[in-house]
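[1] Whatever this is, show me its structure:
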Amino acid sequence: MATSHAGRTARIARFGVFEVNLAAGELRKNGARIGLQEQPFQLLVLLLERAPDVISREEITKKLWSPDVFVDFDKSLNTAVNKVREALGDSATNPKYVETLAKRGYRFLAPVVWISGPDPVPPDPPVPPFRPPPRRVTRALFELIQLMYLIFYVEALFHLREIDRVADTFLPGWASFAIVAATIVTAGVGIPVRCYLLSTAAFDYKLLGEKFQQLFLFILILDELWGIAPFLMAQKVGFGAAFAATCGLLYVPFSERTLIEMAYPKMQLTSSGALG
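    Numbering: from 1, shown residues only. This is a model prediction of the structure:
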């Protein structure tokens with residue numbers, strides 16, 4: 001904390017119930033801001049910085065106005081002093097803050113306390129716009145899902161006897177036969193569907209998004225049926241692991257749809273459809 005000329009390096013001056021923030025260019029009384037024009041404010045700052053020294057009218061004029069400005073300096077200075085006194089509630093005849101010394105100038109009477117204000121807070125960095133991942137990433141993930149299902153289908157067809165044995169353990173008779181038959185039918189249908197989706201994604205077919213939306217209900221049913229496939233391995237991996245795998249697989253068709261919508265936005269689909 002310092003006073004007088006040390007205030008040149010400080011940001012805030014306090015006197016009485018008033019506070020002057022040099023960095024913000026504000027005059028406050030009991031925390032409430034008081035409007036003060038630029039020239040009167042600069043005059044107040046000059047008086048505060050030089051308090052309790054006397055500052056001549058000539059020096060104040062040179063500080064507040066550049067030499068190439070054509071104004072009535074005496075009248076303008078008197079107006080600035082009156083504005084300062086008005087803002088401070090001061091009186092020329094009985095001054096508490098700004099005293100006029102005839103033929104000498106002005107001085108600030110009240111004790112001034114200078115403090116360092118808080119460092120200015122830097123503005124928040126601009127929030128970067130959301131940028132979806134590159135299309136090649138979403139397409140690659142979609143292709144991996146199709147490849148995963150192809151492996152499921154082929155592995156199931158190569159291990160039909162094992163599927164029949166496991167199914168017969170839990171659901172003997174016609175139920176076991178139905179599971180094996182459903183495996184053959186859905187795998188037989190799923191293989192060409194997955195090959196179609198895999199190839200169109202690999203070659204970035206522009207209408208893939210539209211075609212997938214048309215096929216989504218069928219793909220959803222197909223994927224949900226294969227979502228329970230891990231229970232056929234429950235004896236080997238355990239019920240908990242089979243249940244966890246099923247939960248993940250049941251969500252996969254919705255992930256496929258999201259990836260397609262990211263890789264082939266509706267705006268692009270509309271324009272592509274118009275062109276096609």
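[2] Going by C-alpha atoms from here, please, whenever you check contacts or count neighbours.
    OK.
[3] Mind telling me what element residue 215 is part of?
    Assessed by DSSP states H and E, residue 215 sits inside helix 208-227.
[4] Show me the contact partners of stretch 134-141.
    201, 202, 259, 260, 262, 263 (Cα atoms under 8 Å, 6 or more residues apart in numbering).
[5] Please list only the buried members of the residues you listed.
    When the contacts of stretch 134-141 are checked for burial by 16 or more other Cα atoms under 10 Å, the buried set is 201, 259, 260, 262, 263.
[6] among those residues, which two are most distant?
    Comparing all pairs in the buried ones among the contacts of stretch 134-141 by Cα to Cα, the longest separation belongs to 201 and 262, at 12.7 Å.
[7] distance between the longest helix anywhere in the chain and the chain's centre?
    In the chain, taking DSSP state H as the definition, the longest helix is helix 174-202. Put simply, helix 174-202 sits 44 Å off its chain's centre (Cα atoms, centre = their mean, to the nearest Å).
[8] Show the model's pLDDT score for residue 187.
    Looking at residue 187, its pLDDT is 85.
[9] show me what contacts it?
    Listed by Cα under 8 Å, 6+ apart, the contact set of residue 187 reads 153, 154, 156, 157.
[10] Give me the neighbour count for the second one.
    Spelled out, it's residue 154. Neighbours of residue 154 under the rule other Cα atoms under 10 Å: 13.
[11] Now the element after the strand or helix carrying residue 149, going C-ward?
    Using DSSP H and E, residue 149 sits in helix 135-158. Once the chain leaves helix 135-158, the next helix or strand it forms, by DSSP H and E, is helix 160-170.
[12] who touches that next one?
    So helix 160-170 is contacted by 156, 175, 176, 177, 179, 180, 232, 233 (Cα under 8 Å, 6+ apart).
[13] From residue 164, how far off is the second one?
    By that I understand residue 175. 10 Å (Cα to Cα, to the nearest Å).
[14] Which one of those two is surrounded by more residues?
    Ranked by neighbour count (other Cα under 10 Å), residue 175 and residue 164 place residue 164 first, with 19 against 13.
[15] Wasn't residue 106 part of a helix?
    No: remark: residue 106 does not belong to a helix; assigned using DSSP: H, G, I helix; E, B strand; the rest coil, it is strand.
[16] Which residue is the nearest non-sequential neighbour of it?
    Closest residue in space to residue 106, ignoring its immediate chain neighbours: residue 100 at 4.7 Å, by Cα to Cα, 6 or more residues apart in numbering.
[17] Okay, and that neighbour sits in which element?
    strand 98-101.
[18] before we move on, back to that, how big is the angle separating the helix holding residue 215 from helix 135-158?
    40 degrees (axes from the mean of the first three to the mean of the last three Cα atoms, to 10 degrees).
[19] Can you tell me what sits against helix 208-227?
    186, 190, 197, 200-201, 246-247, 249-250, 252-253, 257, 260-261, 263-265, 269.
[20] what do you get for stretch 250-268?
    Here stretch 250-268 makes contact (Cα under 8 Å, 6+ apart) with 132, 135-136, 138-139, 141-142, 145, 206, 208-209, 212-213, 216, 219-220, 223-224, 227.
[21] Filter those down to the buried ones, PyMOL style.
    Listed next is the PyMOL selection for buried residues among the contacts of stretch 250-268, using 16+ other Cα under 10 Å:
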select buried, resi 138+139+141+142+145+206+208+209+212+216+219+220+223+224+227
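[22] low pLDDT regions in the stretch 101-250 of the chain?
    By pLDDT under 70, the low-scoring segments of the stretch 101-250 of the chain are 117-124, 130, 132, 170-171, 232, 234-237.
[23] picking up where we left off before, can you tell me which of the buried ones among the contacts of stretch 134-141 comes closest to residue 94?
    When the buried ones among the contacts of stretch 134-141 are compared for distance to residue 94 (Cα to Cα), residue 262 wins out at 76.2 Å.
[24] ok, now how distant is the closest one from residue 35?
    Shown here: residue 262 relative to residue 35, a distance of 54 Å by Cα to Cα.
[25] If burial is judged by neighbour count, which of the contacts of residue 187 pass?
    Among these, those buried by neighbour count (16+ other Cα under 10 Å) are 153, 156, 157.
[26] Tabulate those residues (CSV), appending distance to residue 52.
    Output for the buried ones among the contacts of residue 187, formatted as CSV (distance: Cα to Cα, whole Å):
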residue, distance to residue 52
153, 93
156, 96
157, 99
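[27] Thanks a lot, see you next time.
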